[in-house]
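Undergrad: Show me the folded form of this:
(2 chains)
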Amino acid sequence: MASHTFTLNGERITVEAEDDVRLLWVLRDLLGVTGPKYGCGIGVCQACTSHINGKAFNPCSVPVAKIAPDDEITTIEGLPATVGKDLHPMQEAWLELDVAQCGYCQPGQIMTAVAKVRRAAAEGREIEERDLDEIRNICRCGTYTRIREAIKAGAKNM
Amino acid sequence: MAEPTPPAEPEPPAPEGPESSESSESPGRRRVLAYLLAAPTLAVGVRFAADAVGAQEAAALVPSPPQPENLFDLGDLQNLVAAPTSGLITVQVHTDGTASFAVPRAEVGQGMTTAIAMMIAEEMDLPLGKVRVALADARPELLMNQFTGGSNSMRSMYLPVRTAAAVARERLVSTAAAQWGVDASRLTVESGVIRHGTRSATYGSLAEKAASTTVRAAAARLKPRADFTVLGTPQNRIDALEIVTGRKKFGMDHDVPDAKPTMVRRPPTINGTVKAVHNADAVLRMPGITDVAVIEHGVAVRGATFGQCVDALRALEVTWGRGTVDAESDDTVLRKIKAAALPMVVPPLLTKKLDAEFTFAFASNSPLEPDNAIADVRADRAEIWSSLKVPIVAQQDIAARLGLPQKAVTVHVVEGGGSFGRHLFHDVAAEAAEISQKMGKPVKLSWSRTDNFRQGRTHPMCVSRVRATYALGNVLSYEQRHTGAQTDFGHGLGEMITSAAAKLPVAGNLTFAETIFQLTQSTPYHFGVTTQLLNEVPLKFNTGSMRNIYSPNVACARELVVDQLAARMRKDPVEFRRAFLKDKRLRAVLDRAAEEGDWGRSLPAGVAQGIGVHAEYRGAVATLVEIDCRPETVNRKIRDGVGGPRVTKALMVVDAGFAINPRGLEAQMMGGFNDALAMALTSSLHIKDGLPLEGSWDNYFYTRQWNTPLELRVVIMPSDSEKPAGAGELGVAPAFAAIACAYARATGTLPTSFPINHGTLGFDPLPREPSTPQSPTDGLDRAF
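TA: Model prediction:
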């Protein structure tokens, strides 16, 4: 068992875990942070999508030992604080369009959406249909249309 | 808050007094009865009531007599059995001014809790935000009233919930009137505040005074539809904020003391068994692992994290016994199904005939949330947490398996991350209970994603044969013979059918599956002599209903044949349908779809429109799609996924009777569309030597963003109906049919096997053993 220190949702934390335990289980089973969901554990469904230093990634596919002390992990719970508000504009867009059905995939969808919009912005362009077509997050309820609309709406306020 | 006391032997309700407060109300308002229950604050209990059974009209052309589904459908069956047996469902008013209700249904994303909250808000004149809806634990006294399925919740709950809320409002108003010494008819209510002149009282301030000390009946009148301000208006989900902030709790998010992560090493064939475990002691010494136990269909491991459970289950060395379908593969099952098809009976004398046969592959009903349950089994009691659509059956069965009395097993229904039929079965909860009992500790059991696809429930492979005869511009007969591997209805619906058997309009000694088929299937066309029959092959796959059960396959086959008949009779598909449809609501949605969707517009070669219609659950839908089957679209490269034809535009026109929440209805239609898209084009299970090859979402190609239509629009038809139709499954069948018809027109070939890509295995299967793949370690390389 080893100690792992990193920043989680703006807070410096230290957790005891075997090096190879994937970050998803450290978050969910050891730290009680349950916003990131388990949907496949093999980096496919994207339900656990969170941010590392502002980039989207799948905690199910990263051993905790690979997280460095200066890494900043943001889960859905910490997303609003990144803009200093109660809700991130993408979450507000999700509410406005009533995107969710069961809701299981939606934390991951929102974290992916934010990263997609940031990447497009970094390339100096707006989010396009081809960006939306690239999104791999599964929504088994089939909310894809509202997700697309919400990402375009949320992007305007980011 | 203390629970209200239900009446021990409820008498038939009698109104408690003259309805002085209602004297000024319009005579058209429906009077309803409920019970005031003995409780610290106001509590109103109500029975479920059966909905009226209304026959539909048939006329003109070569009339087809109404089929059973027209007269009496699956929802009516559920309503019928609900009527005589129910306990009470209760609206409570609290001192904080909120009203609460524990709904005996499962919420799995369909929006049921939001619609229930709207009913209470409407009848009580209370803001939606002040209504709290929770999911009731298993309540054995409710018998078949605690069953979520068949798109029946709105149809069965609409009247009773409104009744309880209306009586609660009436009681609060009369309490305020008595307190102020004025006639109740002179009070007004707005947003949970009762006013008379300058005086006002909140519901919260009256909650205790309005409470009854004895159980007695009370009456009120329901609001007429014209007065609605909440029902019938678009509302967002009541749990939307919890969802987007990650706070909504699903099964695995519940914190039950000492319920540690638990997973199962599963056999390499469906329902295989354990012969021997060779290294249990070594696995028990692995980091974090606390327990190893052999169970009916595998070996369970419990540990500090799910990741360590994956490590442990993979390390187990197990000798496996046979499963239940080890010798079966796609081709063997298909041969058995085809051999079992019932014969056609109409002799094609002096007429032309059209024969067609369509094959539908096995499909998975797995939601995104992997199957899971928490169980805490002790010597004398057990407690279960799981998303269950039939929790009473779960309670009965789990109690029997554990050797406990039913009342010693508490079953909590938790919010589900989707269901699509999966949560009709409680096999996961029963397995968690088995593991907890064997380990003597609480467990938090999760199936792996691969477990879900390979050992979970499937929509069975089926073949639909159709023969139609026609002459002189009329269709004279329509016969459909639907044959499939057996669908398991052993989750409570079977008991419903048994208890109501004598009252059902289906003749003879039908099986549960045949009865459900007859209660859900009908042909909406005047096609003369019409028969639709089901036969099933008893194979021991783990099957179950998938959203819309038989209809997507049956309707797809039917609508493809309708297009073929139209072509043979040189008629346009929309014109042909309009001419033969029995039901004016279906004609209306068809016409609206054709008009709004610009039916017949010019499209490039390889791109075509298709239309499909379907009526079920007392609703009617027409779907119009445009599909792009040009090579540059079909062959686009998708990493670890399938592209294929793309539906570029889709329009769904729905008449769902009274649309309780149009925004929720639209969501259900959209979800149904994406299910249909997957079933038609991309998603299936390939069975090989007793196991599905699919083990991941990159193998089971449910609709992804690159498949979903670029434009998907839902039009809700105005309806003067007072009653809601079922909507949760309504969209699937007509969408599937429309996509298939469009594909046929775009490619110029009649598709006969679905999904259309089933013949090509588009992935490298995960190993059969170990049953769960290891998580990757390179996630940071893919960060974006």
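
Undergrad: helices and strands around the host helix or strand of residue B:565, which ones?
TA: Assigned by DSSP states H and E, residue B:565 falls within helix B:551-568. When contacts are defined as 3 or more C-beta pairs under 8 Å, 6 or more residues apart in numbering or on different chains; DSSP states H and E, helix B:551-568 sits against strand B:352-360, strand B:462-471, strand B:474-485, helix B:573-580, strand B:607-616, helix B:732-747. For glycine as for every other residue, the C-beta is placed from the backbone atoms N, C-alpha and C.

Undergrad: Report all helices and strands that the helix or strand that the fifth one is followed by contacts.
TA: Sequence-wise, the next helix or strand beyond strand B:607-616 is strand B:619-628, with elements assigned using DSSP H and E. Applying 3+ C-beta pairs under 8 Å, 6+ apart, one finds that strand B:619-628 contacts helix B:584-596, strand B:607-616, strand B:646-655, helix B:732-747.

Undergrad: buried residues in the helix holding residue B:565?
TA: B:551-566 (16 or more other C-beta atoms under 10 Å in any protein chain shown).

Undergrad: List every C-alpha atom in it, with coordinates, as CSV.
TA: This file holds the C-alpha atoms of helix B:551-568, laid out as CSV (Å, rounded to 0.1, in the frame of the first residue of the first chain):
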residue,chain,number,x,y,z
SER,B,551,-43.5,-5.0,-31.8
PRO,B,552,-40.3,-3.6,-33.3
ASN,B,553,-39.7,-6.9,-35.2
VAL,B,554,-43.3,-7.5,-36.0
ALA,B,555,-44.0,-4.0,-37.2
CYS,B,556,-40.7,-3.8,-39.2
ALA,B,557,-41.8,-6.9,-41.1
ARG,B,558,-45.3,-5.7,-41.5
GLU,B,559,-44.3,-2.2,-42.8
LEU,B,560,-41.8,-3.6,-45.2
VAL,B,561,-44.5,-5.9,-46.6
VAL,B,562,-46.9,-2.9,-46.8
ASP,B,563,-44.3,-1.1,-49.0
GLN,B,564,-44.0,-4.2,-51.1
LEU,B,565,-47.8,-4.4,-51.5
ALA,B,566,-47.9,-0.7,-52.4
ALA,B,567,-45.3,-1.2,-55.1
ARG,B,568,-47.1,-4.2,-56.5
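
Undergrad: for chain A, what's the longest helix?
TA: helix A:106-122 (DSSP state H).

Undergrad: average pLDDT across it?
TA: The average pLDDT within helix A:106-122 is 98.

Undergrad: Now do the helices in chain A.
TA: A:23-25, A:89-96, A:106-122, A:129-134, A:144-156.

Undergrad: wait, residue A:71 sits on residue A:4?
TA: No - assessed by C-beta atoms under 8 Å, residue A:71 is found out of contact with residue A:4, at 10.1 Å.

Undergrad: the more surrounded of the two?
TA: residue A:4 (22 against 15; other C-beta atoms under 10 Å in any protein chain shown).

Undergrad: center of chain A, which residue is that?
TA: residue A:50 (2.7 Å; C-alpha atoms, centre = their mean).

Undergrad: Could you check how far that one is from chain B?
TA: Here residue A:50 is placed at a distance of 10 Å from chain B (C-beta to the nearest C-beta, to the nearest Å).

Undergrad: Just the strands from the stretch 151-300 of chain B, written as ranges.
TA: For the stretch 151-300 of chain B, strands defined by DSSP state E, counting those that start in this stretch occupy the ranges B:188-190, B:193-196, B:199-202, B:216-221, B:260-265, B:273-277, B:289-295, B:298-303.

Undergrad: So which bits of the shortest one are buried?
TA: Neighbour counts using 16+ other C-beta under 10 Å place residue B:189 of strand B:188-190 among the buried residues.

Undergrad: helices or strands next to it in the packing?
TA: Short answer (3+ C-beta pairs under 8 Å, 6+ apart): strand B:188-190 packs on helix B:153-180, strand B:193-196.

Undergrad: Serialize the ones you listed to TSV and add fields for distance to residue B:616 and mean pLDDT.
TA: As requested, the helices and strands packed on strand B:188-190 are exported to TSV (distance: least, C-beta to C-beta, whole Å; pLDDT from 0 to 100):
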stretch	distance to residue B:616	mean pLDDT
helix B:153-180	12	94
strand B:193-196	43	98
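
Undergrad: Figure out which of these is closest to residue B:680.
TA: helix B:153-180 (27.0 Å; C-beta to C-beta).

Undergrad: tell me which residues in that closest one are buried?
TA: For helix B:153-180, by 16+ other C-beta under 10 Å, it's B:153-177, B:179-180.

Undergrad: Likewise for stretch B:370-383?
TA: Quick answer for stretch B:370-383 (16+ other C-beta under 10 Å): B:370-377, B:382-383.

Undergrad: Keeping just the C-alphas, turn it into PDB.
TA: C-alpha atoms of stretch B:370-383 as PDB (Å, rounded to 0.1, in the frame of the first residue of the first chain):
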ATOM      1  CA  PRO B 370     -24.000  -2.300 -15.100                       C
ATOM      2  CA  ASP B 371     -26.300  -4.600 -13.200                       C
ATOM      3  CA  ASN B 372     -25.800  -4.200  -9.500                       C
ATOM      4  CA  ALA B 373     -27.400  -4.800  -6.100                       C
ATOM      5  CA  ILE B 374     -26.500  -4.300  -2.500                       C
ATOM      6  CA  ALA B 375     -27.400  -7.100  -0.100                       C
ATOM      7  CA  ASP B 376     -27.100  -7.400   3.700                       C
ATOM      8  CA  VAL B 377     -28.200 -10.900   4.700                       C
ATOM      9  CA  ARG B 378     -28.300 -11.800   8.400                       C
ATOM     10  CA  ALA B 379     -29.400 -14.900  10.100                       C
ATOM     11  CA  ASP B 380     -33.000 -13.700  10.600                       C
ATOM     12  CA  ARG B 381     -33.400 -10.900   8.100                       C
ATOM     13  CA  ALA B 382     -32.200  -9.400   4.800                       C
ATOM     14  CA  GLU B 383     -32.100  -6.000   3.200                       C
END
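
Undergrad: Can you give the contact residues for it?
TA: With contact meaning C-beta atoms under 8 Å, 6 or more residues apart in numbering or on different chains, stretch B:370-383 is reached by A:38-40, B:251-252, B:254, B:256, B:259, B:384-386, B:398-399, B:402, B:404, B:408-410, B:412, B:422, B:428-429, B:431-433, B:435-437, B:442-449, B:451-452, B:456.

Undergrad: rewinding a little: so which of the helices of chain A is the most surrounded?
TA: helix A:23-25 (a mean of 29; mean count of other C-beta atoms under 10 Å in any protein chain shown).

Undergrad: Please name every helix or strand in contact with that one.
TA: Against helix A:23-25 (3+ C-beta pairs under 8 Å, 6+ apart) you get helix B:306-315.

Undergrad: how about 6 Å then?
TA: Judged by 3 or more C-beta pairs under 6 Å, 6 or more residues apart in numbering or on different chains; DSSP states H and E, helix A:23-25 is in contact with no other helix or strand.
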